[in-house]
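Colleague: Structure for this input, please:
(2 chains)
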Protein chains: 2
Amino acid sequence: MSERDPLDAVLTADLAPDQAVDAEVLDAEDRLRPDFVERVLDAVDAGDAETARTLVEPLHPADVADLIELARADEREGLVAALAGLVDAEVLAELNEHVREILVSEMSPERVAELAGELDTDDAVAIIEDLEEDDQRAVLRAMEPDDRAAIEEALTYGEETAGRLMQRDLIAVPEHWNVGQVIDYLRSDAELANDFWEVFVVSPSHHPVGTCKLSVILRSPRATSVADIMALEQTLIPVDMDQEDVALRFQKYALVSAAVIDASGRLVGMITVDDIVHIIQAEASEDVLLLSGAGEGDINEPVLDSYKARVRWLIANLLTALLASTIIRLFEGSIERLAILAALMPIVAGVGGNAGTQTLAVTVRALATNQLTGSNRWRAVGREMRVALMNGLTVATLVGIAVTLILGSGQLGGVIAAAMLFNVLIAGFAGVLVPLTMERWGADPAVASSIFVTMVTDSMGFLLFLGLATAVGLTG
Amino acid sequence: MSERDPLDAVLTADLAPDQAVDAEVLDAEDRLRPDFVERVLDAVDAGDAETARTLVEPLHPADVADLIELARADEREGLVAALAGLVDAEVLAELNEHVREILVSEMSPERVAELAGELDTDDAVAIIEDLEEDDQRAVLRAMEPDDRAAIEEALTYGEETAGRLMQRDLIAVPEHWNVGQVIDYLRSDAELANDFWEVFVVSPSHHPVGTCKLSVILRSPRATSVADIMALEQTLIPVDMDQEDVALRFQKYALVSAAVIDASGRLVGMITVDDIVHIIQAEASEDVLLLSGAGEGDINEPVLDSYKARVRWLIANLLTALLASTIIRLFEGSIERLAILAALMPIVAGVGGNAGTQTLAVTVRALATNQLTGSNRWRAVGREMRVALMNGLTVATLVGIAVTLILGSGQLGGVIAAAMLFNVLIAGFAGVLVPLTMERWGADPAVASSIFVTMVTDSMGFLLFLGLATAVGLTG
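Modeller: This next block holds a predicted model:
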């Protein structure tokens, strides 16, 4: 394949580099090889922009974006200058938002406007929405009136809604057309985009009445009426729908594209699956990051932002730890008399915390993927309690035997086993009930749940163990 | 729209129910409303299969699958019997694998073969691969020879590889054809599937030489040669590629479909984005579940399987907790003399553990999404250490002041602040280095990392705090 010249720049830019390039540049998992990255950066460093460009030229825009991200922050400006034209609008659209923000802030508003004008509305909006208000206005002023109107309209919709994701370039045809008319229309207008997979059929008032997959159009004779082959049951996305819900809908119904409608039901845009794929990824990632209190968790985020996001969580954790600590202080006398209690109590709290986190992770994901609803809520609680009972009995038995054997006290072994069993049960209960309650209250169950659950398992772990030990007279 | 009859059953089955149905049946997030689920189950319970079928008939197969999942395990058999024909092959393909396994185990091999025969190879494989070996053979024997050969071939590829995901129904055309020939071919064969978005162009030896988006074919005059409009640079997926890597490649290059090739480079199948979307979701979910040791974390998994997956993790946690406990025992004398130490030490361990988990979550996700490679590994470590330093200084200061004020001991405040700072630094270091090392060793960084990191932060937290308190003479 590599001896041929690309015949259609638009098309080839949308596809991955061929396998010959892959072998040297990308590893088996499509990551840029470290030695390739180094070669490019060394060339830039040596002032040899020519070599750098030759190396980078065959790359897909997504790989050029990766290259820029993989360079150190202080190398990026030089790299982008050396690559010049190779860092085009497509590359900008693929870039991590934090890295892009810095690059864009160094460009003139006219240059940003030019690049944004080459992109689909959704990608242009992604670049422009993060700008400071003044810069945003300057860029919009520098744009073509059509593009400007499209972006200004998109910006009127809330962040992370369908309105920001959609593109306005779509193919809409009246239902009285036949297949031949559709094909002729598509052939006649060289301005049309190539990235569409369905044709939307609309009423005279521009309300969607059906859709036709391109495969169906291609396979039908020219005389066939569009109305006869269109699918009537279609998924219409309200323009203000949250992007997470849009992503779940695409996933549930295996959609490749879908019509976006405004409040009056008129067709205003289209969302395609390639814009959705990274949202599914991001929303699922978000849960692991939120559960651990790591905020956005992007390795390109400025260090100060990461600090702010994470320290809040650590301070909240510090407060709950102080609470658990006051419970321990109630038993200071017991601990003075039997210091081994202090050595054993973190076991009860720690294993309980882990059991709670397990249940929490399962519940948060089941909620996020719509597997857990009002219909099976109590069944899920019952299920988690059964698992907790089995887990609790197992670890309680093990810890009881271990403590009895190591410390030679069956009474101490019994106390820690009982405390462990109850704490794992409490952990299971809190792990499933806290996120369910958060969800009912309209809060994100991933955000606030884990701090509550850990607080419960820590406090109860200490209270159960120290309380039981004191109650049975172990501390004399 | 709803006054019309669906004209094309194949097409409408692939799309979501129209909005009129949505309003009563689905909530704003496309979940089946609990009262709707109840109405259906009540009708089944009352022996009124007719009403149940009327309610369920307008639903999309994905929603019928959800309905079956939302029913209690003991209600499912009755529900499926009442719905009869409505639980078709598409519904089976959409079902959660654990729920499907039970339903399928109650069907005759002939019925399973019949249903599998109606599906794309990849969906049929998903149903058949989970069967016991005997049942699998019985089902395969009952299938049409063509379908059987396709599935048997797919089963020769490893689980979770491209070979299992791909479908064999695809459109491949020779490069000497023109657009008109392609269109005539597509119109001629009524047997062809409708779910394709690109046409693959192949050499006489069936090696892929390019691809044509359907939009490009539709927009080109009939006389245009396919060779002139095809994209030469295409993504070829080796048949043994891991599904996670396939998903990352689709995401990176915004693919809608891609050719799958065998070891000799011949086109053997096609993967489409709708099969990929749920893998992206599943792989991202996997990380949050693995990090917490929750195994597969599917709420439909049998309780015994969930127990087995989770208890292993809790036992591992128990062992590391015992290790931390032996460290505390070294300082039993100090604790006897100053029991407040026992109340304060979990704060140091707990906040350190949380800081470690934050770094871990960020690192695991950056590795999973290919943002973190050999090129920026050390930079990531440096970045996390800077965040850890800022976090450590903040929480150390706060805890130092709090302990000094509450307990009236500046020395104790100083000791806990110093221990906290060092533990948060150690947590940051372990949180980024452990997963990086796992990845280098070829292990999944999400699986084993968190147990190591918690062990480090617990042990070091206790050691630092109790050791420092003893060293400065706080315990007399």
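
Colleague: Could you report the neighbour count for A:Ala223?
Modeller: 8 (other Cβ atoms under 10 Å in any protein chain shown). Bear in mind the C-beta positions are built from the backbone N, C-alpha and C, glycine included.

Colleague: Could you find the closest non-adjacent residue to it?
Modeller: Spatial nearest neighbour of A:Ala223, chain neighbours left out: A:Asn178 (5.7 Å); criterion: Cβ to Cβ, 6 or more residues apart in numbering or on different chains.

Colleague: Surely that neighbour is in contact with A:Ile229?
Modeller: No. Using Cβ atoms under 8 Å, A:Asn178 is not in contact with A:Ile229, being 9.6 Å away.

Colleague: where's the residue nearest in space to the middle of chain A, which helix or strand?
Modeller: Nearest to the geometric centre of chain A sits A:Ala282, at 1.0 Å (Cα atoms, centre = their mean). In this assignment (DSSP states H and E), A:Ala282 forms part of helix A:273-291.

Colleague: Repeat that for A:Gln136.
Modeller: helix A:133-141.

Colleague: Going by neighbour count, list what's buried in that helix.
Modeller: In terms of neighbour count (16 or more other Cβ atoms under 10 Å in any protein chain shown), helix A:133-141 has its buried residues at A:Asp135, A:Gln136, A:Ala138, A:Val139, A:Leu140.

Colleague: Just checking, which helix or strand succeeds it along the chain?
Modeller: helix A:145-156.

Colleague: Quick check: mean pLDDT of that following helix?
Modeller: Helix A:145-156 comes out with an average pLDDT of 90.

Colleague: How about stretch A:365-382?
Modeller: 91.

Colleague: for that stretch, the distance to its chain's centre please.
Modeller: Centre-to-centre, stretch A:365-382 and its host chain are 21 Å apart (Cα atoms, centre = their mean, to the nearest Å).

Colleague: Please work out which residues outside that stretch touch it.
Modeller: Outside stretch A:365-382, the residues within contact range by Cβ atoms under 8 Å, 6 or more residues apart in numbering or on different chains are A:248, A:252, A:283-284, A:287, A:363, A:429, A:432-433, A:435-436, A:439, A:445-446, B:29-34, B:37-38, B:66, B:69-70, B:72, B:96, B:281, B:285, B:288-289, B:297, B:299-300.

Colleague: ok, now with 7 Å
Modeller: A:248, A:287, A:363, A:432-433, A:435-436, A:439, A:445, B:29-32, B:34, B:37, B:69-70, B:72, B:281, B:285, B:288-289, B:297, B:299 (Cβ atoms under 7 Å, 6 or more residues apart in numbering or on different chains).

Colleague: Name the residues of it that are buried.
Modeller: Those would be A:365-377, A:380-381, for stretch A:365-382 by 16+ other Cβ under 10 Å.

Colleague: In chain A, where is pLDDT below threshold?
Modeller: A:1-23 (pLDDT under 70).

Colleague: the domain parsing of it - what is it?
Modeller: What automatic domain parsing lists as the domains of chain A is A:9-161, A:172-289, A:292-471.

Colleague: What residues does the one residue in the stretch 151-300 of chain A that gets nearest to chain B make contact with?
Modeller: Relative to chain B, the nearest point of the stretch 151-300 of chain A is A:Ala284 (3.2 Å; Cβ to the nearest Cβ). The contact partners of A:Ala284, by Cβ under 7 Å, 6+ apart, come to B:Gln281, B:Ala284, B:Ser285.

Colleague: try A:Val268
Modeller: A:Val239, A:Val260, A:Ile261, A:Asp262.

Colleague: what do you get for A:Leu67?
Modeller: So A:Leu67 contacts A:Leu32, A:Val37, A:Val40, A:Val56 (Cβ under 7 Å, 6+ apart).

Colleague: For the helix or strand harbouring the third one, buried residues please.
Modeller: Counting by DSSP H and E, the secondary-structure element that holds A:Val40 is helix A:34-45. For helix A:34-45, a neighbour-count test (16+ other Cβ under 10 Å) marks A:Phe36, A:Val37, A:Arg39, A:Val40, A:Leu41, A:Ala43, A:Val44 as buried.
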